[in-house]
Every structure is written in C-alpha cells, then in structure tokens.
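Trainee: attaching a predicted model along with its sequence, questions to come.
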Amino acid sequence: MLTPDQNAPQSGESPETPEVELASAADGPLVPPARAPKGNRHRPGPQPVLDFPPVPNGIDYLRSVVTHLRPKTGGSPRDIKYAVLHLQAAAEVLLKARLSRVHWSLIFKDPGKATAAKYNDASFISCTTTEAVVRLRNIAGINITKEEAGALDDLADDRNALQHYGLTHNAKAVEARAATVLDFLVRFIDKHLEPELSESAPLYLEMGVIRLGLRDIQSFVTERMNRLRGNELKNAADRTLRCPDCRQFAATAEDACCVCHFCHRGWLADEIAQVLQTADHQDTPLAECPGCHAPTLTDNAEFADGKPTLYCTSCAMRYAPAELGNCAACGCYWPISDNKGGRQLICADCDRRIRQEENELHWM
C-alpha cells in the first residue's frame with residue numbers, strides 16, 4: 001500500500017485538489033519549478049507500489065467519500081460527483097469481498113464459467129452490485145433490506161449517468177442518498193468484514209475517521225429534518241411520505257402533486273404514481289381510485305405515520321388495504337363497507353349500470 005508521502009496528490013491530478021489551487025494556477029502561465037542545487041539533490045527512493053487489497057481499497061474509497069460529503073470539507077456539486085463515483089466503487093468492492101468469502105466463483109458474472117486461472121489474473125467480468133446483493137441474501141444469508149438495496153440501485157444509476165452520460169439532478173437528493181449508502185456500508189463492514197479491521201491497526205484507525213465524518217454528514221441531515229418537522233412538516237405525519245429521490249420522510253401529499261421539502265423535488269400526479277408502484281407492477285396499469293376514479297391508486301407509498309396505505313396521487317386519499325375489496329363486476333377497488341346484505345361487492349358505477357339494465361329489461 002502507498003505510504004502517505006508516496007500517495008501525496010500531484011497538482012491538478014486529484015479530485016481532492018482544492019479549487020483555490022486550480023484557480024491560482026490558471027491566473028498565469030505555468031512555470032516549471034526551479035531545479036534544486038546539485039548539492040541538495042536527493043537520490044530517488046524506491047518506486048511506489050500499488051497494493052490495495054479489496055477491503056483496504058473499499059475503505060480508502062469511503063475515506064474519500066467522507067471528505068467530499070462532510071460540510072466542512074466538501075458539499076459542492078463537484079464534491080458530490082466524486083462522492084457518488086467513489087461510493088459506488090466502494091460498494092462494489094466491499095460487497096464482492098464478502099461474497100468471495102463464500103466462494104470466489106460467486107463474484108463472476110456467470111459462476112458456471114468461473115476458472116481459477118481467470119480469477120488469479122483478474123481476467124473476467126464480475127457480477128453487478130445488484131447481483132451481488134441477491135447472492136449475499138440468498139447464498140450467504142446476509143440480511144440486506146429492501147430500502148438498502150434500493151439505495152444501492154439508485155447509487156448505481158447515479159454513477160452510470162455521471163460516468164457515461166453526465167448527470168443533471170438535485171444535488172441535495174443525490175447527497176442524501178449517498179449518505180444512506182455510506183451509513184449502510186459502515187455497518188456492513190462492522191458486521192461482515194470485521195476480521196480485517198481487528199487484524200490491521202491502520203484500517204481500524206481509518207474506520208474511526210470515516211465514522212466521525214459520517215456523524216457530521218448525518219448531523220447535517222438530522223438538523224435539516226428537525227427543522228422541517230418543526231415547520232413545514234409539523235403535525236403532518238399522515239400526509240408526509242418518503243421522498244423517492246432523497247429517501248427522507250419529507251414529501252407532502254397534495255391534490256394532483258407531491259413536493260419534497262428536503263430536496264425540493266416535485267412531481268405531478270401521473271409521474272409520482274408510477275414511481276410509487278411496487279417494482280413488480282410498474283409495467284401494469286395503475287388501479288383506479290374509488291374516490292376520484294383517476295387511475296393513480298398506488299401500492300408502494302410509505303407515510304411517516306407508518307400505516308400500510310393504498311394512496312391516490314390525484315386526490316391524495318389514503319386507504320388501508322383491508323378497507324378495500326374488488327368489485328365483482330369490473331374488478332376495481334371499492335370500500336368493503338358498501339357491501340350490505342351479504343351480496344357481492346359492487347362499485348357504484350357497476351351498481352348503477354346493473355340497475356339500469358334491470359329496469360330496461362323490466363319495461364321490455
């Protein structure tokens with residue numbers, strides 16, 4: 001591994017280079033440094049060697065992430081860009097490091113084609129972060145929640161956009177999502193990669209620095225959320241849902257729209273309805289709301305009060321799943337309380353249509 005002296009960033013080469021240095025360099029022509037007198041010249045030392053095994057490599061990436069996200073040392077859009085790139089790299093390295101403990105073939109994209117020769121010289125295509133999460137759950141028995149997996153997927157999307165296409169997005173949303181993944185990875189290291197930490201004092205110290213930085217980042221998010229709970233979100237838990245972008249409980253449900261007070265992202269009813277569908281159902285038509293009849297009744301909205309909810313993004317009505325059944329005639333949702341006399345559940349529209357047809361038959 002590089003020593004601190006060997007790893008010192010050169011001017012203009014590292015994303016850690018302060019903006020002021022780059023600005024001062026641009027003020028005038030670049031002048032080559034003066035050569036030292038012959039008597040003061042040092043013989044060159046040994047050539048630096050790159051030695052970053054997986055876990056130390058992942059922790060090194062996390063150290064960079066903390067620097068770019070801490071309010072005191074980063075936070076600019078440029079810092080957030082590098083935080084996303086390095087955090088995605090850390091996630092890939094650390095998840096696959098744990099997966100390789102079960103068996104090295106599991107980090108291949110196709111384990112059935114894995115060979116020891118390809119593994120030893122690293123000449124193979126590895127699995128994606130999403131595939132690593134699935135294998136860690138199903139094979140290693142590691143619990144990674146739906147929220148954690150979703151945050152990792154969002155991070156991968158942000159990284160791909162930045163790397164290949166360029167990303168134009170709300171910086172606060174990206175920053176909050178990155179902080180969520182950083183918190184998950186620190187806990188993942190503590191629980192599932194701990195032997196490396198106990199066997200290496202430098203790594204243990206590095207993790208101490210990362211935890212302190214994470215505390216500062218979380219303090220920023222907590223401070224902002226506390227302010228929102230005391231103002232814009234006060235007494236509004238029943239209409240405050242988790243923002244799909246920044247993942248904070250800071251989006252207020254309004255008629256025909258939804259606005260997040262943390263990252264300031266807004267959606268129209270049709271847009272947010274698609275986002276708040278269960279992933280398995282996103283390619284199927286949305287259910288019709290029994291109140292306003294708009295096809296925007298979603299099944300995956302999380303509200304701050306924690307109650308299971310079917311939520312209409314058009315009229316902002318919430319329904320407990322147990323309150324609704326399916327109309328026997330058209331299949332749409334309808335309140336079970338309207339089912340009287342032990343009959344089949346029929347929605348109001350179908351009930352009117354059936355009565356009209358019965359009346360027409362009666363007068364024929």
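Mentor: Sure thing, it's come through. Numbers count the residues shown, from 1 in each chain.
Trainee: test my guess that Pro56 contacts Leu193.
Mentor: No. Taking contacts as CB atoms under 8 Å, Pro56 lies outside contact range of Leu193: 10.6 Å. Bear in mind the C-beta positions are built from the backbone N, C-alpha and C, glycine included.
Trainee: looking at those two, which is more packed in?
Mentor: Here Pro56 and Leu193 are compared on neighbour count by other CB atoms under 10 Å; more neighbours surround Leu193, at 21 against 18.
Trainee: could you find the closest non-adjacent residue to the more buried one?
Mentor: Val55 (5.6 Å; CB to CB, 6 or more residues apart in numbering).
Trainee: output the contacting helices and strands for the helix or strand hosting that neighbour.
Mentor: Assigned by DSSP states H and E, Val55 belongs to helix 54-69. Using 3 or more CB pairs under 8 Å, 6 or more residues apart in numbering; DSSP states H and E, the elements in contact with helix 54-69 are helix 77-102, helix 171-192, helix 201-230.
Trainee: kindly recompute the last result at 6 Å.
Mentor: helix 77-102, helix 201-230 (3 or more CB pairs under 6 Å, 6 or more residues apart in numbering; DSSP states H and E).
Trainee: quick one: which of those is nearest Asp351?
Mentor: Counting by CB to CB, Asp351 lies closest to helix 201-230 out of the helices and strands packed on helix 54-69; the figure is 43.7 Å.
Trainee: where along this protein do the strands fall?
Mentor: Applying DSSP state E to the chain gives strands spanning 240-242, 249-254, 257-260, 266-268, 297-298, 310-312, 318-319, 324-326, 333-335.
Trainee: how far off centre is the fourth one?
Mentor: Read it as strand 266-268. 19 Å (CA atoms, centre = their mean, to the nearest Å).
Trainee: re earlier: indicate which one of the helices and strands packed on helix 54-69 is closest to Leu185.
Mentor: Short answer: helix 77-102, nearest of the helices and strands packed on helix 54-69 by CB to CB, at 6.0 Å.
Trainee: from Gln248, how far out is Tyr204?
Mentor: 32 Å (CB to CB, to the nearest Å).
Trainee: which of those two has more neighbours?
Mentor: Taking other CB under 10 Å, Tyr204 and Gln248 do not tie; Gln248 has more neighbours (24 against 13).
Trainee: for that one, which non-adjacent residue is spatially closest?
Mentor: Phe262 (4.4 Å).
Trainee: then Lys307?
Mentor: According to CB to CB, 6+ apart, the nearest residue to Lys307 is Ala320 (6.8 Å).
Trainee: pLDDT score for that neighbour?
Mentor: Note for Ala320: predicted pLDDT of 90.
Trainee: can you count the residues close to it?
Mentor: Burial measure for Ala320: 10 neighbouring residues, criterion other CB under 10 Å.
Trainee: any idea how far it lies from Phe303?
Mentor: From Ala320 across to Phe303, the span is 11 Å (CB to CB).
Trainee: weakest of the helices and strands packed on helix 54-69 in terms of mean pLDDT?
Mentor: Among the helices and strands packed on helix 54-69, helix 201-230 carries the lowest mean pLDDT (a mean of 82).
Trainee: list the helices and strands that helix packs on?
Mentor: So helix 201-230, by 3+ CB pairs under 6 Å, 6+ apart, packs with helix 54-69, helix 171-192.
Trainee: buried stuff in that helix?
Mentor: Under the neighbour-count criterion of 16 or more other CB atoms under 10 Å, helix 201-230 has 203, 206-207, 210, 213-214, 217, 220-221, 224-225, 228-229 buried.
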